[in-house]
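# Sequence and predicted structure are below.
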Amino acid sequence: MSLFLSLRGVPTRLNFRSLSGRWTSTAASPTTPPLLGKIRADLKTAMRAKDKTRLDVLRALISEVNNASKTPSPVQTDLQLLSLIRKRTAAAKDAAQQFAAADRLDLKEKEDAQVVVLDEYAAQVDTMSHEDIKIVVVQEISQLKEAGKKVDIGSVLKSLFAPGGALDGKPAERAEVAKIAKEAVSAA
């Protein structure tokens, strides 16, 4: 008896082109923020131009997004990506200050150049203006007071970002809203 059983009616050759989808794809997933697609395209341009500063910044951003995709809260929107960019900008500014204090001007210039590239990408994300957010926060605080509810930062933020809330789905950074809400609650 042979080791191989004959399977009648089963094709002996697989046509890999007929399989739907690719197993290893570099294409953007449907939840990829539009800015991340631009960053990936700019990475290729920076490689061709041999722009080392831009290349280092873009690789670091893509790496952080990839690492975040393995966590419970992956980067899925431009606002989340903007938050990541702002965090990297703050770290680069802090490093530049430390290098300046240590009299390492060459490293300070490198960090300053990275801040310029990061600011360029941060400016590409449309967000609500400070004044618009302030108006919405003040209205929300007055509504909470009228309803007789407790007015503190937590309750204000919860009601603003709750499903159907005033800022639900709007391009407003949570950190910015929290800062404005803190000021408005302390003033009220």
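Looks like it arrived, so ask away.

# Please go through the chain and pick out the longest helix.
When the chain is parsed with DSSP state H, its longest helix is helix 78-101.

# Tell me the buried residues in it?
For helix 78-101, a neighbour-count test (16 or more other C-beta atoms under 10 Å) marks 78-86, 88-89, 92, 95-96, 99 as buried. Just so you know, the C-beta spots here come from the backbone N, C-alpha and C atoms, and that holds for glycine as well.

# Ok, stretch 126-141 next?
Using 16+ other C-beta under 10 Å as the test for burial, stretch 126-141 gives Thr127, Met128, Ile133, Lys134, Val136, Val137, Glu140, Ile141.

# How far does that stretch sit from its chain's centre?
21 Å (C-alpha atoms, centre = their mean, to the nearest Å).

# For that stretch, what does the pLDDT average out to?
Averaged across stretch 126-141, the pLDDT comes to 86.

# Using CSV, list the CA coordinates for it.
Extracted C-alpha coordinates of stretch 126-141, given in CSV (Å, rounded to 0.1, in the frame of the first residue of the first chain):
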residue,chain,number,x,y,z
ASP,A,126,-6.9,69.8,11.1
THR,A,127,-8.1,70.3,14.7
MET,A,128,-10.7,72.6,16.3
SER,A,129,-9.4,76.0,17.3
HIS,A,130,-8.8,76.9,21.0
GLU,A,131,-11.7,79.4,20.9
ASP,A,132,-14.2,76.8,19.5
ILE,A,133,-13.2,74.3,22.1
LYS,A,134,-13.6,76.9,24.9
ILE,A,135,-17.1,77.8,23.7
VAL,A,136,-18.2,74.2,23.7
VAL,A,137,-16.7,73.6,27.2
VAL,A,138,-18.3,76.7,28.7
GLN,A,139,-21.7,75.6,27.2
GLU,A,140,-21.3,72.1,28.6
ILE,A,141,-20.4,73.4,32.1
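
# Can I get the buried residues of stretch 126-141 in JSON lines including distance to Arg104 and secondary structure?
Formatted as JSON lines, the buried residues of stretch 126-141 follow (distance: C-beta to C-beta, whole Å; DSSP: H, G, I helix; E, B strand; the rest coil):
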{"residue": "Thr127", "distance to Arg104": "34", "secondary structure": "coil"}
{"residue": "Met128", "distance to Arg104": "39", "secondary structure": "coil"}
{"residue": "Ile133", "distance to Arg104": "39", "secondary structure": "helix"}
{"residue": "Lys134", "distance to Arg104": "40", "secondary structure": "helix"}
{"residue": "Val136", "distance to Arg104": "44", "secondary structure": "helix"}
{"residue": "Val137", "distance to Arg104": "42", "secondary structure": "helix"}
{"residue": "Glu140", "distance to Arg104": "47", "secondary structure": "helix"}
{"residue": "Ile141", "distance to Arg104": "47", "secondary structure": "helix"}
